[in-house]
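Q: just the structure for this:
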Amino acid sequence: MKIVAIVGSGSDCGKTTVACAILRGIPGVGAVKISPRDEPPRVEWGPGASGKDTSRYAESGAAKVARIVAPRGGATRLWGEVRSGFEGCAGILVEGSGAVDLPGEAFVIFLAGGAPPTDRLERNARLLASADLIVLNHPHGDRKSAKLPEKLSHLVCGKELLEIGSEEQGESGLLQIVNVVRRYLLP
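A: The predicted model follows:
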């Protein structure tokens, strides 16, 4: 089963918005949220409470929904259980930086936007290095919000790059991402 990992430069960069657009645009895809918490590792099945990311996934048409709660790096131990629960899905969308550590191949989407990623250079360098698609999200046309620090810009070379979120683009930027993911998931 093919995996699409959605990671980003930090909070409020648009990961959940992109995940929901993909779920609306490609029927039959399941969704998993990885939540790093210093709590005992567990898997929560179902959409969860209203307003939560997992609830938004279900509202967007996810075939199945789960949330992995574990300390950083702990999601891999629960992945076998989760993956088997998504049998029959057209693919699995996984949101959270822990997605790049899961076993198996994944198509990785890195979103830059929201707060500048300068305080997480090492983490973002690792995520960018694994990315297949890099998305610069400019909410409300604000180009400052989605700039990668110069120290990371060399990691973009040779990778597919999209810029979305400007007022002029509307939903077309999200549609571009959905089309890229569709080509990966569907033969």
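Q: what segments of this structure are strands?
A: Remark: strands assigned in the chain by DSSP state E are 3-8, 29-36, 42-45, 65-70, 91-95, 106-112, 133-137, 160-164.
Q: give me the helices and strands touching the fourth one, please.
A: Same thing as strand 65-70. Applying 3 or more C-beta pairs under 8 Å, 6 or more residues apart in numbering; DSSP states H and E, one finds that strand 65-70 contacts strand 29-36, strand 42-45, helix 53-59, helix 75-84. The C-beta positions use only the backbone N, C-alpha and C, and glycine is treated the same way.
Q: ok, now the first one?
A: Using 3+ C-beta pairs under 8 Å, 6+ apart as the contact definition, the elements that strand 3-8 packs against are helix 15-25, strand 91-95, strand 106-112, helix 172-185.
Q: the first one packs against which elements?
A: By that I understand helix 15-25. With contacts defined as 3+ C-beta pairs under 8 Å, 6+ apart, helix 15-25 has these neighbours: strand 3-8, strand 29-36, helix 53-59, strand 91-95, strand 106-112, helix 172-185.
Q: hang on, the earlier thing: now tabulate the helices and strands packed on strand 65-70 in JSON lines and tack on mean pLDDT.
A: Shown next, in JSON lines, are the helices and strands packed on strand 65-70 (pLDDT from 0 to 100):
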{"stretch": "strand 29-36", "mean pLDDT": "96"}
{"stretch": "strand 42-45", "mean pLDDT": "96"}
{"stretch": "helix 53-59", "mean pLDDT": "96"}
{"stretch": "helix 75-84", "mean pLDDT": "94"}
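Q: so can I have JSON lines of those showing distance to residue 98 and mean neighbour count?
A: JSON lines is the format used below for those (distance: least, C-beta to C-beta, whole Å; neighbours: other C-beta atoms under 10 Å):
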{"stretch": "strand 29-36", "distance to residue 98": "4", "mean neighbour count": "25"}
{"stretch": "strand 42-45", "distance to residue 98": "13", "mean neighbour count": "14"}
{"stretch": "helix 53-59", "distance to residue 98": "14", "mean neighbour count": "20"}
{"stretch": "helix 75-84", "distance to residue 98": "4", "mean neighbour count": "16"}
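Q: would TSV of these with distance to residue 96 be doable?
A: As requested, those are exported to TSV (distance: least, C-beta to C-beta, whole Å):
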stretch	distance to residue 96
strand 29-36	3
strand 42-45	14
helix 53-59	9
helix 75-84	8
